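Participant: what follows is a predicted structure for the sequence shown.
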Amino acid sequence: MKKLDMLTPIGIAIGLTLVAFAVISTSGTSGFASFVDFASFIIVIGGVTAALLINFTLKDIKRFFHVMKESFTEEPHDIPKLIDRLVNLSDKARREGLLSLEENLRMEDEAFLRKGIMMAIDGVEQEELVEIMNSEIDVLEERHRKGRLIVEKAGEYAPSWGMIGTLIGLVLMLKNLNDPSLLGPNMAIALLTTLYGSLLANLVFLPMASKLELKTEEEIFYRQIVIEGVAGVQSGQNPNTLREKLSVFLKDTSSKKKPKKAGEAGEE
Amino acid sequence: MKKLDMLTPIGIAIGLTLVAFAVISTSGTSGFASFVDFASFIIVIGGVTAALLINFTLKDIKRFFHVMKESFTEEPHDIPKLIDRLVNLSDKARREGLLSLEENLRMEDEAFLRKGIMMAIDGVEQEELVEIMNSEIDVLEERHRKGRLIVEKAGEYAPSWGMIGTLIGLVLMLKNLNDPSLLGPNMAIALLTTLYGSLLANLVFLPMASKLELKTEEEIFYRQIVIEGVAGVQSGQNPNTLREKLSVFLKDTSSKKKPKKAGEAGEE
Amino acid sequence: MKKLDMLTPIGIAIGLTLVAFAVISTSGTSGFASFVDFASFIIVIGGVTAALLINFTLKDIKRFFHVMKESFTEEPHDIPKLIDRLVNLSDKARREGLLSLEENLRMEDEAFLRKGIMMAIDGVEQEELVEIMNSEIDVLEERHRKGRLIVEKAGEYAPSWGMIGTLIGLVLMLKNLNDPSLLGPNMAIALLTTLYGSLLANLVFLPMASKLELKTEEEIFYRQIVIEGVAGVQSGQNPNTLREKLSVFLKDTSSKKKPKKAGEAGEE
Amino acid sequence: MKKLDMLTPIGIAIGLTLVAFAVISTSGTSGFASFVDFASFIIVIGGVTAALLINFTLKDIKRFFHVMKESFTEEPHDIPKLIDRLVNLSDKARREGLLSLEENLRMEDEAFLRKGIMMAIDGVEQEELVEIMNSEIDVLEERHRKGRLIVEKAGEYAPSWGMIGTLIGLVLMLKNLNDPSLLGPNMAIALLTTLYGSLLANLVFLPMASKLELKTEEEIFYRQIVIEGVAGVQSGQNPNTLREKLSVFLKDTSSKKKPKKAGEAGEE
Amino acid sequence: MKKLDMLTPIGIAIGLTLVAFAVISTSGTSGFASFVDFASFIIVIGGVTAALLINFTLKDIKRFFHVMKESFTEEPHDIPKLIDRLVNLSDKARREGLLSLEENLRMEDEAFLRKGIMMAIDGVEQEELVEIMNSEIDVLEERHRKGRLIVEKAGEYAPSWGMIGTLIGLVLMLKNLNDPSLLGPNMAIALLTTLYGSLLANLVFLPMASKLELKTEEEIFYRQIVIEGVAGVQSGQNPNTLREKLSVFLKDTSSKKKPKKAGEAGEE
């Protein structure tokens, strides 16, 4: 159901390639050596890890890599197709009764929609059905928010620990000014932690956290259409009316250039 | 329907001209060469692109240039004229019945207003009509917010990648202090990425994102008047009452200096 | 009706005088020359102008100077006097009927209060009257917010363009290190834009935007008392009860030291 | 009723003592002279004053010192004692009638409680009584927020004007590099304004503004218990039920270690 | 009931170990001496203490160490077990009546749940019961927020006082440039306060404050399930329905990989 979200690895690759290109174009390949320092790397990664361990519980930490992985996958939400399915269900329910939807359940691989239809078949009151499905969205939102928070916090701690590393490097350098010829190189090393911290924040953690937020919003948007649709199916709404009602949401994905029929409202 | 918003290109032109003028006035035209460095440019543009690719889905990215373009266009919202049209519709509906508005639909080129009137003619309940039109505004707001978010994020990443570029330049420079005469020029090049990042953020991305937000607000304000008006037309409100009611919104665009009639409330 | 708000020009004068004094006390009057640089001035003012042109529409820009001017004026809101007037109106309405207030309208120079009373005379339902007056406050708040936004944005862009100017100065300086004796003066000039940007933000734009916000709050507070009072007048409330009800708002302006009567509640 | 809040002067004294100690321990008492510069002091204090004059109206400014003084006083809010008094009032009202509370009014020195009881005696409807008392809390909150805002703004402007002072100092220094031996001392003086601004913000304005906010919260919390209690007294609630209801608020001040009775709910 | 939250000390230990490792790897163990300076330590700790004393009341300050300690403990919230218990209570209440739950109270060591059941037995109306329990959550949230605020403020003041210390060090250093060989070491000492402040903020205060917030959220989430459950028990809800209703919350803790039964809705 999920597929690879190529943009995340492509983005990281592009970022690193361009940095590498810029380094080579000014200093040749030998320039790379200037950007690798194990101790600097340890301070930034270690500091961020330490802060995250203090900041979160073990249960949250365990989900860190799982959450990171999610930025590399994509769940395609085909809203027009969803509306078609909901309208079909509504049509069938009106013709053959709500119970007839039971066979559709077997083929339905969307768990959230399946649950809604099942509750409708079970005769759960509309108000309660909508409330239960909405509170499931709330729980989803809350869990995603918490998962995203770890990535956001990593993006906050990374530059701070980069600066801490640079301060440590500066103190060590300033205490030993005997050999002036080492001043430049030592200063360069001291700056590396700030560079590492900024790269981690602006190439990895912050964009990923932001993408996770957008994906959660999309998922919630999709589920709200499901709820609207299931409620329509349950109350035996006319399939055409239902389609019209749901097509308001469709606008979001449609391009602005296609006002097909004269009587249909285009937008902005 | 849309026309060119000249202020955006004029603003960018003024910004660049003034920077150019300041450079020439102190260093002559030869000073320009100091501000062009291909590798620096690649790091900032490439870094921002990489971060955006990670941050957004392909669907969002595709809309980036479309959204940018919108800062160059302007949709004139003539509120007094809108109120006139709504009052006319209300008048006609009272005299000849709601159905008589059907012919007005053909000449109406405002899709949102057309849709509202059409629903009124179709006999959609007032409450549902208002709800559908409001949820269309919500979807519009949400889509605009997302489009604007890409420009805002670009405005956040640009200075950060400017700083990353400067750090890279500083490390390379400090590692090779052999020739002191190159210290200044190399430092100058290192600073260029920070300059590029700041210019992109403060001359392009941030003002554009802010303008897009203002345009969305204006569009929503305009549409809310449409909803108010269509509801009045549908419920057969007296045209004079409707005009009085809608003229509250008109205050926003009117200058403060025109309290025409003694009995009419001026404002602040 | 409006009078000059002397504090704004006095504040700017004090700020500039003190800066001048500090300069003179350390470097004598000749020190001033160090702080004037035309190109630096052009970059900051031009950059902020460019960003504002992109950020706003022409209609908003036109209001910029009008809004700035408002920080120099003050509309005195005499709440005790307002309450007296409202109580008098209530008294008269009870004795002679609502229609008798028509003659008071002529002498009333407060447009918002006049409009409210007029609607009451015209027999507008209380609920609708309050709604219309509230939505007028909303429109006022919205318009003021937008006017203030330009000043706030100017306060954001000024330091950013100050830094851009300094970066430009630094790059030019570092590229031409031939004459070391010019290093200091050139560096001084480069720093001027940052100084200009900070002064503009912290002496002009930010305090003005903040004052405009406070004035809007005061205006809204005043108008809410008007609404409360007009509603009381319309519903024929007892003048004493109305005074008691409105005097809760009065507390805001009263000093904490005057609990006059034993039975009256003082406050913190 | 108010008593001295010793923590505020003690905190400031500790802060200054430690700074003095650190200076002495490294440079001896002669080090102090390095930290006193009249012109620097004038720029920071004068700049902040100028910004505040522009930012606020005269009425607000006049309250600045009054508000500052409030950080040095403390109004003890004895919640258990308040609950006892409310329960006693409730008990008496049930036994001897609401009117019998009139004699308690004379001894009651808490103005807010007195006002509530008086309104109850006067036969004001419960709903209106609660509304009036709540709107008094709103007015109090609003007035405190505005008073606090001046201190917060002072805490914002202080570091900004510290930086402006340093920029002025740097420009003057860089223009006159003739005597290299003065480079260090002049640089030191330039940094003083930044130090002054930071100390004012982090030792005076920001902690004071934050304390004022906490005090307002406490006052509001206390008054909400009064409202709850007066409403209970008015509606003739059983004293035991009232105590139980009000004791939920008591939890806030009680330590976590005292679950006295088996049947009583402890808490986290 | 509480157990040690090992992650907090482990995180701090990892952070300090990595910093130590990085120092040793570049400068050997002798490098440590460069990072210890008593006066610097006094300025940062003393400044933060002073600011906190001004910022808070004595009552709040006393709770500082108590609150800090809470980051080292963990209250295990076993939600599936809680649901089991609530379902059992519901089952028993339906079979043997609400009063029969009295014996369960004795064994129940969860105070919040015990209080809820006790109120149900006492015949408190459902609406009031839920309101009382909710307001107890509000008070808990408020108290935790205030406790956390001290740690957050410490995390804000620490870097500020680090910078103040560095400014003091720089001024002292610049005033006495006689011995150029001391320039480096003195500069190093000046930077130490910034390092201390950053470490305190990013290794101790900020992660701890954030963890405290997460713990409060978890506690509130747990208590909301209790309220939902007690309300179900009181209204004699069917145990199966109750379990279904509460299992929506369970999703939050369950892994995403366990959609056990075909008919049960999996999620994302």
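Facilitator: Here it is on my side, so go on.
Participant: low-confidence ranges, the stretch 51-200 of chain A, go.
Facilitator: Within the stretch 51-200 of chain A, no stretch has pLDDT under 70.
Participant: repeat that for 80
Facilitator: A:71, A:74-76, A:106-109, A:176-182 (pLDDT under 80).
Participant: all helices of it, in order?
Facilitator: Under the criterion DSSP state H, counting those that start in this stretch, the stretch 51-200 of chain A contains helices at A:58-70, A:79-96, A:102-107, A:111-121, A:126-175, A:183-199.
Participant: give me the buried positions along the first one.
Facilitator: When you say that, I think you mean helix A:58-70. A:60-61, A:63-64, A:67-68, A:70 (16 or more other CB atoms under 10 Å in any protein chain shown). C-beta here means a position set from N, CA and C on the backbone, and glycine is covered the same way.
Participant: about what we covered before: which among the helices of the stretch 51-200 of chain A is found nearest to chain B?
Facilitator: helix A:183-199 (3.8 Å; CB to the nearest CB).
Participant: so the closest one, near chain B or not?
Facilitator: Yes. Using CB under 8 Å from any CB of the partner chain, we find that helix A:183-199 touches chain B at A:183-185, A:187-188, A:191-192, A:194-195, A:198-199.
Participant: got a list of contacts for that helix?
Facilitator: By CB atoms under 8 Å, 6 or more residues apart in numbering or on different chains, the residues outside helix A:183-199 that reach it are A:15, A:19, A:34-35, A:37, A:40-41, A:43-44, A:158-166, A:168-170, A:172-173, A:177, B:160, B:163-164, B:167-168, B:170-171, B:173-177, E:26.
Participant: grab the most central residue of chain A for me.
Facilitator: Centroid-nearest residue in chain A: A:L212, 1.4 Å away (criterion: CA atoms, centre = their mean).
Participant: now the helices of the stretch 51-200 of chain A as JSON lines including distance to B:E108?
Facilitator: Shown next, in JSON lines, are the helices of the stretch 51-200 of chain A (distance: least, CB to CB, whole Å):
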{"stretch": "helix A:58-70", "distance to B:E108": "46"}
{"stretch": "helix A:79-96", "distance to B:E108": "27"}
{"stretch": "helix A:102-107", "distance to B:E108": "41"}
{"stretch": "helix A:111-121", "distance to B:E108": "38"}
{"stretch": "helix A:126-175", "distance to B:E108": "36"}
{"stretch": "helix A:183-199", "distance to B:E108": "54"}
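Participant: these: which one's closest to D:S135?
Facilitator: helix A:126-175 (33.1 Å; CB to CB).
Participant: now the angle from that closest one to helix E:183-199?
Facilitator: Interaxial angle, helix A:126-175 versus helix E:183-199 (axes from the mean of the first three to the mean of the last three CA atoms, to 10 degrees): 160 degrees.
Participant: tell me which helix or strand the nearest residue to A:V204 once chain neighbours are set aside sits in.
Facilitator: Leaving out its chain neighbours, the residue that sits closest to A:V204 by CB to CB, 6 or more residues apart in numbering or on different chains is A:I12, at 6.9 Å. Using DSSP states H and E, A:I12 sits within helix A:7-27.
Participant: what's the neighbour count on A:G116?
Facilitator: 29 (other CB atoms under 10 Å in any protein chain shown).
Participant: residues in contact with it?
Facilitator: A:G116 touches A:129, A:133, A:226-227, A:230, counting by CB under 8 Å, 6+ apart.
Participant: quick check: the farthest pair among those?
Facilitator: Taking CB to CB, no two of the contacts of A:G116 sit farther apart than A:L129 and A:V226, at 11.6 Å.
Participant: does stretch A:38-45 come close to chain B?
Facilitator: No. Figure legend: stretch A:38-45 not in contact with chain B (CB under 8 Å from any CB); closest approach 10.7 Å.
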